[in-house]
Every structure is written in C-alpha cells, then in structure tokens.
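In: Curious how this folds, go ahead:
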Amino acid sequence: MDMKINVVPEIAVEIIVKAVVEKYGASEVVDQYCRSIGEREVIVLTLEKYYMRASRVTLTVTLDNIDEFTTVHIVASGGASGLVKIDWGAAKKFALSVKQALQPYVV
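Out: Next up is the predicted model:
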C-alpha cells in the first residue's frame, strides 16, 4: 500500500506513533532507522501488534521525501496462525490504521 503525503517523514512518524501506538496500547515500535542526505531522508519504521485471534502482526512503514512529496510504503506481515494459516484480517487492519492516521495529509 503506497501513498503520497505533504509532511516530512520525521513528522509522519510522530503522527503514526501517536495514532497507532498510543491509541492502541497493544502496539509497539520495534525499530526505527533513519538515513539523511541534506534535507532528504528515508525512515524505516517497524511496528508490532499482538492480536488474540492471529498472534503477532508486524508492520513495516518506509517513508522518504526524495521526490516532491513524502512517499509512504506500508507492508503488513504475520498474523496467520493455525494449520491453515488464516490471518482473520489482522494484517490488513493494522496497515489501515497507519493509512487512516495519515489520511488528512494525502496529496
């Protein structure tokens, strides 16, 4: 899932953490990695959430402002459990929480 927003990656990370981690207490930031070159930056944010119905779901959000606007790439993984590996929509729901948090900034 990709989107373009009109805030710099650093501010977008703050928005994501506030909306996803603080709002849903079961979420946590596992890692945050940042590379900067002048005013351009790339941030990789890894979040994890425990769902009772689907075990743990990991969300990787990559943000960069290499172009005119900040590009956000969201990938959810995990969540499938049991013998048939059904995820019950947990990964998609976790990814959508980031998309909803950034929706006011979409260009």
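
In: Burial check on residue 22, number of neighbours?
Out: 9 (other CB atoms under 10 Å). Every residue, glycine included, has its C-beta placed from N, CA and C.

In: phi, psi of it?
Out: Dihedral pair for residue 22: phi -70, psi -30, per degrees, to the nearest 10.

In: Look up the closest residue to residue 7, ignoring the ones flanking it.
Out: residue 105 (5.1 Å; CB to CB, 6 or more residues apart in numbering).

In: Then residue 1?
Out: residue 74 (4.5 Å).

In: Tell me where the chain has strands.
Out: 2-5, 27-37, 40-51, 55-64, 70-78 (DSSP state E).

In: can you list these in JSON lines and add mean neighbour count, mean pLDDT and distance to residue 97?
Out: Output for those, formatted as JSON lines (neighbours: other CB atoms under 10 Å; pLDDT from 0 to 100; distance: least, CB to CB, whole Å):
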{"stretch": "strand 2-5", "mean neighbour count": "15", "mean pLDDT": "97", "distance to residue 97": "13"}
{"stretch": "strand 27-37", "mean neighbour count": "12", "mean pLDDT": "92", "distance to residue 97": "8"}
{"stretch": "strand 40-51", "mean neighbour count": "18", "mean pLDDT": "91", "distance to residue 97": "9"}
{"stretch": "strand 55-64", "mean neighbour count": "19", "mean pLDDT": "90", "distance to residue 97": "8"}
{"stretch": "strand 70-78", "mean neighbour count": "19", "mean pLDDT": "93", "distance to residue 97": "10"}
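
In: Who does the residue nearest to residue 1 form a beta bridge with?
Out: residue 61 (DSSP bridges).

In: What separation do you get for residue 9 and residue 35?
Out: Residue 9 sits 10 Å away from residue 35, taking CB to CB, to the nearest Å as the criterion.

In: what do these two both touch?
Out: Residues touching both residue 9 and residue 35 (CB atoms under 8 Å, 6 or more residues apart in numbering) are 41, 42.
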